[in-house]
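>>> What would the 3D arrangement of this be:
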Amino acid sequence: MPKMLVIDDDPAWRALYRMAFDCHFEIFEATDGQQGLGALDACDPDVIVLDLRMPRMDGLDFIRRLGGKRVRGAVVVCSGALNDGERPVIPGVQLAPKSPDLRDLWAALLSAVPELSASSVSTRQSVAPVQDNFWRD
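Numbering: from 1, shown residues only. From the prediction side, this is the model:
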């Protein structure tokens with residue numbers, strides 16, 4: 001099973017990613033870039049899902065410090081900063097806007113981890129909502 005390292009300071013986003021992707025990845029978590037750097041050696045991830053805005057060490061500082069480490073996994077930046085129109089150019093990094101609709105993130109993960117594509121038909125159903133339900137009086 002591929003390994004995912006989620007680096008995000010918000011526990012709600014980490015929980016959402018865990019619920020959506022737990023059946024496809026072994027998931028490890030870090031609350032900021034500094035903790036993420038420490039987790040790299042322990043988990044050796046296939047993909048890193050990274051927020052940009054975090055305390056202590058933000059996502060861009062984390063990426064800068066990756067240069068000195070041997071990391072085999074791809075980096076997918078999933079940040080609310082991308083929703084605000086801020087689109088940093090980061091070579092070798094995929095971007096996905098942070099949204100509860102995880103289709104853009106799932107597409108980036110499929111691109112980053114080729115072994116997922118074989119099971120993409122069944123997994124898209126678990127990530128994307130099947131139908132919208134509305135309460136009506």
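
>>> Verify the contact between V71 and D41 for me.
No: the pair V71 / D41 is not scored as a contact, 10.0 Å apart, by C-beta atoms under 8 Å. Where you see a C-beta, it was placed from the backbone N, CA and C, and this is true even at glycine.

>>> Number of residues surrounding I27?
Counted with other C-beta atoms under 10 Å, residues neighbouring I27 total 20.

>>> So which residues of the protein form strands?
Using DSSP state E, the strands assigned to the chain run over residues 3-7, 26-30, 47-50, 74-79, 93-97.

>>> what angle sits between the longest one and strand 3-7?
Angle, strand 74-79 to strand 3-7, by axes from the mean of the first three to the mean of the last three C-alpha atoms, to 10 degrees: 30 degrees.

>>> looking at this structure, which helix or strand is least sure?
Every helix and strand of the chain was ranked by mean pLDDT, DSSP states H and E. The lowest is helix 120-127, at a mean of 46.

>>> In the protein, which residue is most central in space?
Nearest to the mean C-alpha position of the chain, counting by C-alpha atoms, centre = their mean, stands V49 at 2.4 Å.

>>> now that residue, which residues is it bridged with?
Taking DSSP bridges as the rule, V49 bridges to V6, V76.

>>> Now do the same contact list for it.
Contact analysis of V49 by C-beta atoms under 8 Å, 6 or more residues apart in numbering lists M4, L5, V6, I7, D8, Y17, V76, C78, L105, L109.

>>> With S111 instead?
Counting by C-beta under 8 Å, 6+ apart, the residues that S111 touches are Q94.

>>> Against L95, how distant is it?
According to C-beta to C-beta, to the nearest Å, S111 and L95 sit 11 Å apart.
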